[in-house]
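J.: just coords:
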């Protein structure tokens with residue numbers, strides 16, 4: 001991910017009174033945007049295959065992944081990571097809670113921390129998001145998303161980031177769909193950045209609905225997939241995605257007191273989806289995780305150092321119920 005530094009002189013994170021204003025502005029903007037779409041009895045035939053249209057109005061999902069032991073830097077200690085996630089959505093609103101649990105080995109060899117204690121035991125993300133999708137015509141539709149996110153080790157202060165994106169979707173025909181949009185996000189390190197916890201829907205190119213039998217695919221950022229659906233119950237797919245999150249470290253952190261750590265990696269996986277009923281999804285699959293990096297910033301958001309992690313295998317699982 002390419003990141004461009006925002007101006008320190010105008011950073012909303014350096015002037016505390018502005019933070020509530022930016023949060024209130026985002027909430028107000030997204031609430032205005034969630035007004036009803038153009039009234040229609042149902043989407044026209046050319047829009048029925050578009051992602052997000054005609055979907056259930058709510059869902060609850062439990063998921064997680066495990067990354068096996070991998071070396072930090074030039075064999076300077078090792079770490080494994082387990083993430084647990086709980087996500088719930090209703091209508092246009094969604095709420096997510098994600099926790100990453102770290103298990104460190106050879107702490108005395110780590111290039112950060114005090115060499116005795118774990119640099120951190122767990123990092124957490126709380127996200128609130130608003131989504132709006134509507135139909136403009138037989139072939140055109142639109143999407144708008146806004147999110148507020150907090151990533152932290154223990155303390156919540158100075159951990160809030162905001163993001164928004166939107167764009168247009170064009171249904172070329174029954175099989176091909178093109179989306180083009182823009183995204184903007186700001187995290188507490190005052191950088192122009194994004195988080196994988198924010199749903200981003202453009203730009204992208206999609207071939208067929210993933211629920212359709214046979215091959216379907218999606219090429220986009222930050223996630224892409226190639227899927228083969230055997231039946232309404234079974235499908236398998238190859239996925240590729242970029243994962244990036246920023247966390248506010250504890251006040252007494254041995255890595256960087258009141259600082260920040262950004263975790264980034266690329267993930268490719270081969271997954272099996274089982275849908276025994278139209279509203280129940282079970283997913284399992286192995287992953288390969290590479291180009292991993294930890295970037296440490298001080299309490300003012302200035303990057304101090306970065307550490308590469310070796311590639312590692314992993315495993316993901318998910319259960320989701322829609323209603």
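T.: Thanks, I have it. If you're wondering where the values come from, they're calculated on a predicted model, not measured in any experiment.

J.: buried ones in stretch 266-273, by neighbour count?
T.: 266, 267, 269, 271, 273 (16 or more other Cβ atoms under 10 Å). C-beta here means a position set from N, CA and C on the backbone, and glycine is covered the same way.

J.: could these go into CSV alongside pLDDT?
T.: Below are the buried residues of stretch 266-273 laid out as CSV (pLDDT from 0 to 100):
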residue, pLDDT
266, 96
267, 97
269, 98
271, 98
273, 98
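
J.: taking those residues one by one, which sit in helices?
T.: Under the assignment DSSP state H, the buried residues of stretch 266-273 contribute nothing to helices.

J.: residue 256: which of these is nearest?
T.: residue 266 (24.7 Å; Cβ to Cβ).

J.: can you pull up the bridge partners for that closest one?
T.: Residue 266 has these beta-bridge partners by DSSP bridges: residue 242, residue 290.

J.: doesn't residue 242 make contact with it?
T.: Yes. Applying Cβ atoms under 8 Å as the test, residue 266 and residue 242 come out as touching, 5.7 Å apart.

J.: quick check: closest non-adjacent residue to residue 168.
T.: Leaving aside its sequence neighbours, residue 168 sits nearest to residue 142 (Cβ to Cβ, 6 or more residues apart in numbering; 5.4 Å).

J.: who are the neighbours in contact with that neighbour?
T.: Contacts here follow Cβ atoms under 8 Å, 6 or more residues apart in numbering; on that basis residue 142 touches 133, 134, 136, 166, 167, 168, 169.

J.: and it, helix, strand or coil?
T.: Under the three-state scheme (DSSP: H, G, I helix; E, B strand; the rest coil), residue 142 adopts strand.

J.: just the element for the nearest residue to residue 301 once chain neighbours are set aside, please.
T.: Setting aside the residues directly before and after it, residue 301 is nearest to residue 189 in space (Cβ to Cβ, 6+ apart), at 3.9 Å. Under the assignment given by DSSP states H and E, residue 189 is not contained in any helix or strand.

J.: residues contacting residue 189?
T.: So residue 189 contacts 13, 246, 260, 262, 297, 301, 303 (Cβ under 8 Å, 6+ apart).

J.: report the buried members of the residues you listed.
T.: 13, 246, 260, 262, 297, 301.

J.: so where's this structure shaky on pLDDT?
T.: Across the chain, the ranges flagged by pLDDT under 70 are 1-56, 190-202.

J.: switch the cut-off to 90
T.: 1-57, 73-74, 143, 145, 161-166, 180-204, 211, 220-223, 243-245, 300-304 (pLDDT under 90).

J.: quick one: distance of the helix or strand harbouring residue 305 to the chain centre.
T.: Using DSSP H and E, residue 305 sits within strand 303-309. Distance, stretch centre to chain centre, for strand 303-309: 21 Å (Cα atoms, centre = their mean, to the nearest Å).

J.: what does the next helix or strand after it rub up against?
T.: Counting by DSSP H and E, the next helix or strand C-terminal to strand 303-309 is strand 312-322. Contact with strand 312-322 is made by 55-56, 58-70, 267, 269, 271, 278-289, 292, as judged by Cβ under 8 Å, 6+ apart.

J.: surely residue 108 is in a helix?
T.: Yes. Checked against three-state DSSP, residue 108 lies within a helix.

J.: and it, how many neighbours?
T.: Neighbourhood size, residue 108 [other Cβ atoms under 10 Å]: 10.

J.: residue 250 versus that one, what's the distance?
T.: Distance of residue 108 to residue 250, computed by Cβ to Cβ, to the nearest Å: 21 Å.

J.: hmm, residue 296 and residue 305 touching each other?
T.: Yes. Counting by Cβ under 8 Å, residue 296 is a contact partner of residue 305 at 5.3 Å.

J.: in the sheet, who's paired with the closest residue to residue 279 other than its chain neighbours?
T.: Leaving aside its chain neighbours, residue 279 sits nearest to residue 322 (4.6 Å; criterion: Cβ to Cβ, 6+ apart). Going by DSSP bridges, residue 322 is paired in beta bridges with residue 59.

J.: for residue 322, give its distance to residue 171.
T.: From residue 322 across to residue 171, the span is 23 Å (Cβ to Cβ).

J.: of the two, who's got more company?
T.: Taking neighbours as other Cβ under 10 Å, residue 322 and residue 171 compare with residue 171 leading, 24 against 17.

J.: the more buried one and residue 136 touch, don't they?
T.: No. Between residue 171 and residue 136 there is no contact under Cβ under 8 Å: 10.9 Å.

J.: spell out the residue ranges of the strands in the stretch 101-250 of the chain.
T.: 122-135, 140-152, 160-171, 176-186, 191-192, 204-207, 214-220, 223-229, 234-248 (DSSP state E, counting those that start in this stretch).

J.: for those strands, give me TSV that also has distance to residue 87.
T.: As requested, the strands of the stretch 101-250 of the chain are arranged in TSV below (distance: least, Cβ to Cβ, whole Å):
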stretch	distance to residue 87
strand 122-135	9
strand 140-152	13
strand 160-171	17
strand 176-186	19
strand 191-192	26
strand 204-207	21
strand 214-220	20
strand 223-229	15
strand 234-248	15
